[in-house]
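**Q** A structural model of the following input is requested.
(chains A, B, C and D)
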Protein chains: 2
Amino acid sequence: MIPLELFKALADETRLLSILLIQQEGELCVCELVTALASSQPKISRHLAQLRTLGLLADRRQGQWVFYRLHPDLPGWVREVMASAAAQSDMQLAQPLARLEAMASRPAVGGNACGSAC
Amino acid sequence: MIPLELFKALADETRLLSILLIQQEGELCVCELVTALASSQPKISRHLAQLRTLGLLADRRQGQWVFYRLHPDLPGWVREVMASAAAQSDMQLAQPLARLEAMASRPAVGGNACGSAC
DNA sequence: GCCATATATATGATTTTTCATATAAATAGG
DNA sequence: CCTATTTATATGAAAAATCATATATATGGC
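**A** Numbers count the residues shown, from 1 in each chain, chains lettered A, B, ... in the order given. Have a look, this model is predicted:
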């Protein structure tokens, strides 16, 4: 990963907000990002696949859901850039975070699909 | 300037290398960047104008040359992002810097247009 | 079969590049 | 001083390339 590749990856609103939300929440599935960003499922899925291919995100399948998180091996300078951006993104993240909180049933937290068995 | 705008500005090879070279050298004119990046003059000029319009660069005309420098009022988080990128860009900057050094007569240094009178 | 996710194709939109030309300043010759 | 001529830079317009989105289809787990 060279700087030019990172900046291209972060130069799209959907990808930037997705990665900042994932950074803040630790892990999010596709359907949560679809709700948070009020976008279509194929659109979100395609951008997440792009970030995964680049090595910025790692994914984990849990039943019907695929959860994305920051790739554990991210170099320090990449984390630095993302931290600088995150510190300036309160306005951009407020509404997506509100929609995330407002989700009736979120996978893997509170009332998730497997109930108290998980 | 929001993070998305900065990342879009840095997501082009010509713009990224231009701004990193300017950061390292302090100030460069258009013709020096044309040589360093081995690109066409209109191409360089357009990208510099874009960076100036965005507030990332400031320009100064000195005779026939126009010198570009980092805008003095750049916010700290922008400088942080650029510093993280610069620290990873030795490979990308090596050849452009070599071409810069190899320029027969560089404006405002060594043998410039006004000779020893300046 | 249903739900969540992924992929393929086509299309629209934006970005980037090039070409030609314009402005502006220094230089040389009369 | 006046008028080419050269060098440096900028810009309008068009072509070319890239990117993003939508639609439709496919896969995989329950």
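
**Q** now do the helices in chain A.
**A** Remark: helices assigned in chain A by DSSP state H are A:3-10, A:13-25, A:30-36, A:41-53, A:76-86, A:90-101.

**Q** other SSEs contacting the shortest one?
**A** Contacting helix A:30-36 under the criterion 3 or more C-beta pairs under 8 Å, 6 or more residues apart in numbering or on different chains; DSSP states H and E are the following elements: helix A:13-25, helix A:41-53, strand A:65-70, helix A:90-101. Heads up, the C-betas are built off the backbone N, CA and C, glycines and all.

**Q** check whether it comes near DNA strand D.
**A** No: taking C-beta under 7 Å from any atom of the strand as the criterion, helix A:30-36 and DNA strand D are apart, separated by no less than 11.0 Å.

**Q** that helix near DNA strand C at all?
**A** Yes: applying C-beta under 7 Å from any atom of the strand, one finds helix A:30-36 touching DNA strand C at A:V30, A:C31, A:V34.

**Q** in JSON lines, list the helices of chain A along with mean pLDDT.
**A** Putting the helices of chain A into JSON lines (pLDDT from 0 to 100) gives the following:
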{"stretch": "helix A:3-10", "mean pLDDT": "97"}
{"stretch": "helix A:13-25", "mean pLDDT": "96"}
{"stretch": "helix A:30-36", "mean pLDDT": "95"}
{"stretch": "helix A:41-53", "mean pLDDT": "95"}
{"stretch": "helix A:76-86", "mean pLDDT": "98"}
{"stretch": "helix A:90-101", "mean pLDDT": "95"}
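
**Q** could you export the ones you listed as JSON lines, including mean neighbour count?
**A** Supplementary listing: the helices of chain A in JSON lines, determined by neighbours: other C-beta atoms under 10 Å in any protein chain shown:
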{"stretch": "helix A:3-10", "mean neighbour count": "21"}
{"stretch": "helix A:13-25", "mean neighbour count": "20"}
{"stretch": "helix A:30-36", "mean neighbour count": "21"}
{"stretch": "helix A:41-53", "mean neighbour count": "16"}
{"stretch": "helix A:76-86", "mean neighbour count": "19"}
{"stretch": "helix A:90-101", "mean neighbour count": "14"}
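
**Q** out of those helices, the one nearest A:V66 is which?
**A** Closest approach to A:V66 among the helices of chain A is made by helix A:30-36 (5.8 Å; C-beta to C-beta).

**Q** pretty sure A:W65 is touching A:V30, no?
**A** Yes: if you go by C-beta atoms under 8 Å, A:W65 and A:V30 touch, sitting 7.4 Å apart.

**Q** so which of the helices and strands packed on helix A:30-36 comes closest to B:V81?
**A** helix A:13-25 (12.7 Å).

**Q** can you tell me what sits against the closest one?
**A** A:9-10, A:28, A:33, A:36-37, A:39, A:43-44, A:47-48, A:50-51, A:56-57, A:68-70, A:82, A:85-86, A:89, A:92-93, A:96-97, A:100, B:3-4, B:7 (C-beta atoms under 8 Å, 6 or more residues apart in numbering or on different chains).
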